[in-house]
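Peer 1: Dropping a prediction and its sequence here:
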Amino acid sequence: TILRMSGDYWKTCALHAAVQLDIFTVMADQRLSAADLAEKLNADPRALAMLLNAMTAMNLLEKSDGIYANTPEASRFLSRKSPAYIGYIIKHHHHLVASWGQLDLAVLSGKAVRTRATHGSDDARESFLMGMFNMAMMLAPRIVPNIDLSSRRSLLDMGGGPGTYAIQFCLSDPGLQAVVF
């Protein structure tokens, strides 16, 4: 159990790599060989086949006679073509891996060992903001109807990220105005 726990990082890294490479979007509803997909991604066919086999072992791809296809779960959550896409938050997690790998140093020093992932590259910032948006879009439409703001005209959304909750509240009550800070 302990050794399995110690080695589980490979699954995370493999998933992160597949999402970073946008494999599930490129696959879409197609059935492709590793060589065909490698050509589309400009990737090494042998290395890609190993990653695709890992995704198959993780039940995110199906493989038959050397041909790969997305599972329904991968199509729903890992293809940018799906409204339920969660790849941005996975990419955000990818940007956090290096700092988690230094947790022992942070514990020894009591200080941060990295800069904030949301202040890094444009990709890191987009991954964070869009990841927060995608997660909020799964929750906000279910939460908003349960909170009555009809007697209010203003909403201050502190730490509201891309403003997803504020937008959903304003859509629910057109007389409501929101400020996202």
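Peer 2: Yes, it's here.
Peer 1: Please put the alpha-carbon coordinates of the particular helix or strand that has Y88 in it into PDB.
Peer 2: In this structure, Y88 sits in helix 87-100 according to DSSP states H and E. Written as PDB, here are the backbone C-alpha positions of helix 87-100 (Å, rounded to 0.1, in the frame of the first residue of the first chain):
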ATOM      1  CA  GLY A  87      -8.700  20.200 -18.600                       C
ATOM      2  CA  TYR A  88      -7.900  23.800 -17.500                       C
ATOM      3  CA  ILE A  89      -7.900  22.800 -13.800                       C
ATOM      4  CA  ILE A  90      -5.800  19.800 -14.600                       C
ATOM      5  CA  LYS A  91      -3.300  22.000 -16.400                       C
ATOM      6  CA  HIS A  92      -3.400  24.300 -13.300                       C
ATOM      7  CA  HIS A  93      -2.500  21.300 -11.100                       C
ATOM      8  CA  HIS A  94       0.300  20.500 -13.600                       C
ATOM      9  CA  HIS A  95       1.800  24.000 -12.900                       C
ATOM     10  CA  LEU A  96       1.700  23.200  -9.100                       C
ATOM     11  CA  VAL A  97       3.600  19.900  -9.300                       C
ATOM     12  CA  ALA A  98       7.100  21.400  -9.100                       C
ATOM     13  CA  SER A  99       6.300  23.300  -5.900                       C
ATOM     14  CA  TRP A 100       4.700  20.200  -4.200                       C
END
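Peer 1: And it, what does it pack against?
Peer 2: Packing partners of helix 87-100 (3 or more C-beta pairs under 8 Å, 6 or more residues apart in numbering; DSSP states H and E): helix 9-20, helix 72-78, helix 122-143. C-beta: built from backbone N, CA, C; applies to glycine.
Peer 1: can you give me the mean pLDDT across the next helix or strand after that helix?
Peer 2: Downstream of helix 87-100, the first helix or strand assigned by DSSP H and E is helix 103-109. Helix 103-109 comes out with an average pLDDT of 93.
Peer 1: can you check stretch 42-50 too?
Peer 2: Across stretch 42-50, the average pLDDT comes to 98.
Peer 1: what's the answer for stretch 11-20, then?
Peer 2: Rounded mean pLDDT across stretch 11-20 is 97.
Peer 1: now M27: how far from G110?
Peer 2: Distance of M27 to G110, given as C-beta to C-beta, to the nearest Å: 45 Å.
Peer 1: ok, G175 - how many residues close by?
Peer 2: 9 (other C-beta atoms under 10 Å).
Peer 1: who does the lowest-mean-pLDDT helix or strand in the chain touch, helix- and strand-wise?
Peer 2: Sorted by mean pLDDT, DSSP states H and E, the helices and strands of the chain end with helix 122-143, the least confident at a mean of 88. With contacts taken as 3+ C-beta pairs under 8 Å, 6+ apart, helix 122-143 sits against helix 87-100, helix 164-172.
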